[in-house]
Structure formats: C-alpha cells, structure tokens
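Participant: Show me how the following folds:
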Amino acid sequence: MNKELLEALNILEKENNISKDTLLEAIENSLLTACKNHFGKADNIKVSINRETCDFNVFAEKEVVETVEDPLLQISLADAKMADPKYDTGDVIHCQIDSKKFGRIATQNAKNVILQKIREEGRKSLFNDWYCQEREVVTGIVQRYLGRNVSINLGKVDAILNETEMVKGEVFKATERIKVFVLEVKDTPKGPRISVSRTHPDLVKRLFESEVAEVKDGTVEIKAIAREAGSRTKIAVKSNDANVDPVGACVGLNGARVNSIVNELRGEKIDIINWDENPAYLIENALSPAKVICVVADEESKEAQVIVPDYQLSLAIGKEGQNARLAARLTGYKIDIKSETQARELGLFEELGLDYQEAGSGFESFGNENHDSGNSETQYYQEEYQDDYQE
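Facilitator: Numbers count the residues shown, from 1 in each chain. Sure thing, here's the model as predicted:
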C-alpha cells in the first residue's frame, strides 16, 4: 500500500474539496505525460492505479516479433519466452516500466500536470460552492480599501464591494465583520470573482428570513420591498396563517427582531406594513404613518389619487418626498397626494363622485370600498366621513 500517496490524497480531498478519483485521474495523466517525455511517445503505455491502496503500475503493451524494429512497440520472441515460455509470435504482452528511472525533466513535467489539475479542480469546486450562494446573504471580514472599493474576505475567497453597492456615508474598519448580499459569482482563470452589495433590497429580505422564523418557514410572506439604502425601507408582509400577525412576527417582542436588522443596517429605518390585495388599502398602508381620508386607485393605469388631512400632508409626502416615493415603489402605483384644502379647491371630491362637507380630522384610518360595474377604480375613504361623502 502506498500510504504516503493515500494520505496526501485524503488531505487534498478534505481541504480543497476535490474528489480522490479526480486526483487519481490526474496522476494517471501525469505518468502518461512522463512516459511520453521519456520515450518520445506513449500510445502503448497503460497506467493502472488501485483506488483503495493507491498502488500503481506503469506498463507498455508490446507485440512479440521475430525481429524487433521498434523497441518501444515490439519485443523479441526470445525475450518474451524468457518472461513466459507460452508466448508466441503475434502475442501482445505487458512490459513493466520503472517510473523511478524517468529523468528530472519528465518528473517535473508530471508534477506540473498534477499541480495544474489540483488548481483547476480547486477553482471549479470553489466556484460551484459560491455559485450556490448567489442571491444569499453571507458574513465577511473587511480586509482593506481598494481605491473606493472594499475587499471582503469570505473565507477561502475574497469578494469586492464596489462603491456603487455601498451605502452612502458608510465607512468600514479593517477586521470588521459585516453582512453582504451576493450579487454575482463569475468564473475566471484566477478563481471565482464575487460581487457583493450592501444596498440591494433583497439584503433586507434575507436578513428577515434569517432573523424571523415565520418568514423562513413561509408562515409570513414578504410580498414587496422598497428601499433607499441607508435611510429607510418599506416592507409589505402577509400572513398565510390566520393566527399569526405578520407585522408583529417581524417586529418581535419589544422590537427585538427588527432592531437586530436595523443594527445590522446601521440605523436604517424600517417600516413594516400589512399587505392587502385591494390596492387602495395597500396604498393607505404604504403611506403609513400618515393618515388617509380617501384613496382612488385605477388598476388599469396604475395611478392613484390620495387625499389626506391638511396637517398630514407633509408626513404623507415625507422628507424630500421619500415616504411617497417609497410607497409608490412598494405598491407599483403612481401616487398623487393632495390635502383636504387642495382637494376642495380643485374640486376633486366632486370629480371623484363624493359629496364633500367640511369635517374634522385626526382619527384612525378605516376603509370602505366601492366597485361600480365596469369601473376599474377602487375607492377608499374614511368611515368617519361616510355620512359626509355620499355617492
């Protein structure tokens, strides 16, 4: 038994995740290469390796002839009968080759063949491992800045966090551990090239899946995400179990679950809202924390008119329009927000078929629907206003 070779193969298989059969095949090819370098050709050379003991034999198939013209392919009848008297002219016999007699150059070439195969298989194995991690979140260690990009160590391979995939204003320190979203894994001659992101919306989704058991097992489903990295994220969730509150499950006891994600995102605010198949209710939820008086959503044109109390207008729009912008991304609707006063001045209540009378505000939202025959619009307005807005 070739114990040294067997032990070396076991170590390579364990550390580089390369199968022993692949390595043995590389050794066979390297021995054939050595024979070709030593003898000039290796068409009749055969290599036999025992997969269990790693013992190997190298032999040449030679034809028994009366007169030898090519010693590499033929053997004389006299020499064949010395090996075994039963051989006769025309027989093919196996002649043992002592690989230890190969020259230094042949041996070096054989070694290079083995090393090249190990490198190729190592890169292939590493690529396959990380290709399965594409679109997932992994933890890496910050190594150094490469210009404006950051090199992240992921274990056996490094990833590149490009400036465009970094949250504006986020600064990393060497050896700091961070979570990143694997955007793409490319196979290159130097190994897998991995691009990661800190701004992708799916980073938030994967963090919720890892932190919230109900999201991971499918009890709570994340239906939509809108994110402005580093500032605010809106996420719409739906429960597939009537006994499970989707928002409560994501928030956790005393906010423990969502706070863990917020800390990972370095203080980025996260609004968690209930998903609703009715676009009017969904838009009202998406504009949270602002209160809404009326929503008219056109499902064909994907446009919505929203009326809010005067004192809620700035809250509904948000700083620099962020709340309205995220709500539009989350719902897929173009949202036009007007205050009560603006709506009255523009005659929107009459235009929407609502008989407007002055009413107070500052109440909790509650919706009602109106589906006219042949009308694609979904109307929503406050319950407290139902007596004042008659169709």
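
Participant: This protein: helices as residue ranges?
Facilitator: Under the criterion DSSP state H, the chain contains helices at 3-16, 20-39, 77-83, 104-131, 201-211, 213-216, 246-251, 256-264, 279-286, 313-317, 322-331, 340-346, 348-351.

Participant: okay, those, which one's buried deepest?
Facilitator: helix 279-286 (a mean of 25; mean count of other Cβ atoms under 10 Å). Where C-beta positions appear, they are placed from N, C-alpha and C, glycine not excepted.

Participant: could you dump that one to PDB, C-alpha only?
Facilitator: These are the backbone C-alpha positions of helix 279-286, laid out as PDB (Å, rounded to 0.1, in the frame of the first residue of the first chain):
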ATOM      1  CA  PRO A 279     -54.700  48.400  -4.000                       C
ATOM      2  CA  ALA A 280     -56.500  51.200  -2.100                       C
ATOM      3  CA  TYR A 281     -55.900  49.600   1.200                       C
ATOM      4  CA  LEU A 282     -52.400  48.700   0.300                       C
ATOM      5  CA  ILE A 283     -51.600  52.300  -0.700                       C
ATOM      6  CA  GLU A 284     -53.100  53.600   2.600                       C
ATOM      7  CA  ASN A 285     -50.900  51.200   4.500                       C
ATOM      8  CA  ALA A 286     -47.900  52.100   2.400                       C
END
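
Participant: what is the orientation angle of it with helix 322-331?
Facilitator: In terms of direction (axes from the mean of the first three to the mean of the last three Cα atoms, to 10 degrees), helix 279-286 departs from helix 322-331 by 140 degrees.

Participant: about what we covered before: just send the helices of the chain back as TSV, with distance to residue 146 too.
Facilitator: Compiled in TSV, the helices of the chain are given as follows (distance: least, Cβ to Cβ, whole Å):
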stretch	distance to residue 146
helix 3-16	26
helix 20-39	34
helix 77-83	65
helix 104-131	19
helix 201-211	21
helix 213-216	34
helix 246-251	36
helix 256-264	23
helix 279-286	39
helix 313-317	40
helix 322-331	32
helix 340-346	51
helix 348-351	54
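
Participant: so how far is stretch 244-261 off the chain centroid?
Facilitator: On the basis of Cα atoms, centre = their mean, to the nearest Å, stretch 244-261 sits 24 Å off its chain's mean C-alpha point.

Participant: Run through who's touching that stretch.
Facilitator: Counting contacts by Cβ atoms under 8 Å, 6 or more residues apart in numbering, the residues outside stretch 244-261 that touch it are 204, 207-208, 211-212, 214-215, 219-221, 235, 237-239, 270, 272-275.

Participant: now with 7 Å?
Facilitator: For stretch 244-261, contacts defined as Cβ atoms under 7 Å, 6 or more residues apart in numbering pick out 207-208, 211-212, 214-215, 219-220, 237-239, 270, 272, 274.

Participant: first vs last residue of it, how far apart are they?
Facilitator: Terminal residues of stretch 244-261 are spaced 21 Å apart (Cα to Cα, to the nearest Å).

Participant: follow-up on the earlier one: will you turn the helices of the chain into CSV that also has distance to residue 301 and mean pLDDT?
Facilitator: Shown next, in CSV, are the helices of the chain (distance: least, Cβ to Cβ, whole Å; pLDDT from 0 to 100):
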stretch, distance to residue 301, mean pLDDT
helix 3-16, 57, 79
helix 20-39, 59, 80
helix 77-83, 92, 83
helix 104-131, 41, 82
helix 201-211, 25, 95
helix 213-216, 33, 95
helix 246-251, 29, 96
helix 256-264, 35, 95
helix 279-286, 12, 95
helix 313-317, 21, 94
helix 322-331, 13, 96
helix 340-346, 19, 89
helix 348-351, 16, 78
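
Participant: quick one: which of those helices is nearest residue 160?
Facilitator: The closest of these to residue 160 is helix 104-131. By Cβ to Cβ, the value is 13.0 Å.

Participant: and that closest one, what other elements does it pack with?
Facilitator: Packing partners of helix 104-131 (3 or more Cβ pairs under 7 Å, 6 or more residues apart in numbering; DSSP states H and E): helix 3-16, helix 20-39, strand 177-188, strand 191-197.
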